[in-house]
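Participant: Give the three-dimensional model of this entry:
(one chain, ligands or ions: 1)
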Amino acid sequence: DERGAEDSSLQVVEDWPVQNLELGQVSGVAVCPAGHVHVFHRGDRVWDSSSFDDENMYQQQDLGPIQTDTVVELDPSTGDLVRSWGKGIFFLPHGLAMDGDGNYWLTDVAMHQVFKFPASGDSVPLLTLGEAFQPGSDDKHFCKPTDVAVDDSTGDFFVADGYCNSRVMKFSKDGALLLQWGRPSPPGYGLSGPPPGTFRIPHSLAMVPDRGEVCVADRENGRVQCFDIREGKFTRMFREREFGGRVFAVDYNPDQGGVLHLVNGPTLVGATLPVEGFTVRFNDGEILDTWRPTARGFSQPHDVASAPDDSAVYVAEIGPNKVWKFVPANEQPNVI
Ligand SMILES: O=C(N[C@@H](O)C(=O)O)c1ccccc1
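Facilitator: Numbers count the residues shown, from 1 in each chain. From the prediction side, this is the model:
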């Protein structure tokens with residue numbers, strides 16, 4: 001068969017998860033230190049054009065929190081449900097990250113808040129930032145915060161804030177604001193795109209621990225920007241024509257000498273480039289591989305995750321409301 005020993009290109013694992021998990025819009029995916037796959041989804045809620053008014057106030061607060069478990073833990077090899085939690089807590093799930101202790105870091109765009117929950121899945125948060133349902137852009141408020149990334153060496157964490165702010169904020173492990181940077185991209189710019197340090201929806205974060213950087217999926221600018229974690233100084237950018245105009249999520253994996261996994265998004269206008277995943281070499285931005293779940297590609301991939309020493313890559317997708325698993329072609333489970 002065509003699976004050569006050297007074929008490390010990623011392929012979707014068919015029938016993973018084996019069971020239908022009845023997920024709602026799948027907004028976040030993360031891999032915990034134990035290698036389990038954790039998924040953040042919206043149950044019966046959807047984010048559509050009626051969800052917010054033009055002051056970014058959530059319009060369905062009267063519905064109360066989602067009444068099904070919004071965090072689902074899956075076995076990495078079968079996709080079987082291991083455990084779920086999060087019933088009665090969230091209104092509009094968005095970002096999910098896990099730290100080296102297996103704690104959950106989540107954002108809710110309706111509540112404009114960032115939460116840390118314990119690995120136990122207990123429903124009492126260890127940390128809550130932002131004022132419930134109150135958007136803002138000062139030190140105590142977010143506006144539809146999108147993601148979190150944790151520096152396990154210090155416990156400091158970064159928040160991508162967000163749809164209606166254009167900044168990255170750095171907090172100490174106790175939630176004290178240490179630093180923030182970023183501003184909205186100015187309208188109109190040349191072929192090289194808007195200046196570094198400006199954003200049009202910082203949508204996803206990836207820690208790059210071995211280089212002391214944090215990378216940001218600058219969604220509507222169709223690029224990834226990286227910054228040093230001490231001063232927030234711009235270090236490098238990844239922006240390839242093949243990405244098209246939107247990059248929804250980014251993940252860093254130290255294997256293969258250090259690679260980024262990223263997913264782009266459907267182009268809103270004009271020529272339709274494929275909606276797919278990219279494996280990009282961190283050192284020079286070379287696209288090493290592109291991958292998609294079907295010939296047609298994704299429809300709305302929303303988050304991507306992987307773990308060191310594990311060749312699997314997981315993608316959360318809104319629309320089909322699925323989580324996909326990809327592995328190198330030469331590691332596909334042997335189907336007899
Ligand atoms: O970006 C949007 N949604 C996704 O990213 C998401 O669902 O997280 C969105 C924007 C405007 C209106 C409706 C949805």
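Participant: from here on, contacts and neighbour counts on C-alpha atoms
Facilitator: OK.
Participant: which residues touch H41?
Facilitator: Residues near H41 by CA atoms under 8 Å, 6 or more residues apart in numbering: L23, G24, Q25, V26, S27, G28, T70, V71, P93, H94.
Participant: Tell me how many other residues crowd the fifth one.
Facilitator: The one in question is S27. By other CA atoms under 10 Å, 26 other residues sit near S27.
Participant: about what we covered before: which members of the contacts of H41 occur in strands, if any?
Facilitator: Under the assignment DSSP state E, the contacts of H41 contribute V26, S27, G28, V71, P93, H94 to strands.
Participant: Pull the number of nearby residues for the residue lying closest to E317 once chain neighbours are set aside.
Facilitator: The shortest distance from E317 to any non-neighbouring residue, by CA to CA, 6 or more residues apart in numbering, is to P301 (4.2 Å). Residues lying near P301 (other CA under 10 Å) number 31.
Participant: How much space separates P301 from the ligand?
Facilitator: 9 Å (CA to the nearest ligand atom, to the nearest Å).
Participant: excluding its backbone neighbours, what's nearest F157?
Facilitator: V150 (4.3 Å).
Participant: My read is that that neighbour contacts P209, right?
Facilitator: No. With contact taken as CA atoms under 8 Å, V150 and P209 are classed as non-touching, separated by 9.6 Å.
Participant: Let me know the helix or strand that the residue in the chain that the ligand sits nearest to is in.
Facilitator: At 4.0 Å from the ligand, D48 is the closest residue in the chain, using CA to the nearest ligand atom. Assigned by DSSP states H and E, D48 falls within no helix or strand.
Participant: That one: neighbouring residues, count only.
Facilitator: 7.
Participant: Next: G162.
Facilitator: The burial count for G162: 24, using other CA under 10 Å.
Participant: which residues does it contact?
Facilitator: Contacts of G162 by CA under 8 Å, 6+ apart are F142, C143, K144, P145, T146, I201, P202, H203.
Participant: now do 10 Å
Facilitator: By CA atoms under 10 Å, 6 or more residues apart in numbering, the contact list for G162 reads 109, 112, 137, 142-147, 168, 199-204.
Participant: do G102 as well
Facilitator: Contacts of G102 by CA under 10 Å, 6+ apart are V31, C32, P33, A34, F117, P118, A119, S120, G121.
Participant: so what sits against both of V150 and P209?
Facilitator: Joint contacts of V150 and P209 (CA under 10 Å, 6+ apart) do not exist.
Participant: out of those two, which sits in the more crowded spot?
Facilitator: Taking other CA under 10 Å, V150 and P209 do not tie; V150 has more neighbours (25 against 16).
Participant: Just to check, the more buried one is in contact with C215?
Facilitator: No. Look at V150 against C215 with CA atoms under 10 Å: they stay out of range, at 11.9 Å.
Participant: can you give me the strands in the stretch 101-250 of the chain?
Facilitator: All strands of the stretch 101-250 of the chain, identified by DSSP state E, counting those that start in this stretch, fall at 104-108, 113-117, 127-129, 147-150, 157-161, 167-171, 177-181, 183-184, 198-199, 202-208, 213-218, 223-228, 234-238, 247-253.
Participant: closest to I66 out of these?
Facilitator: strand 104-108 (11.6 Å; CA to CA).
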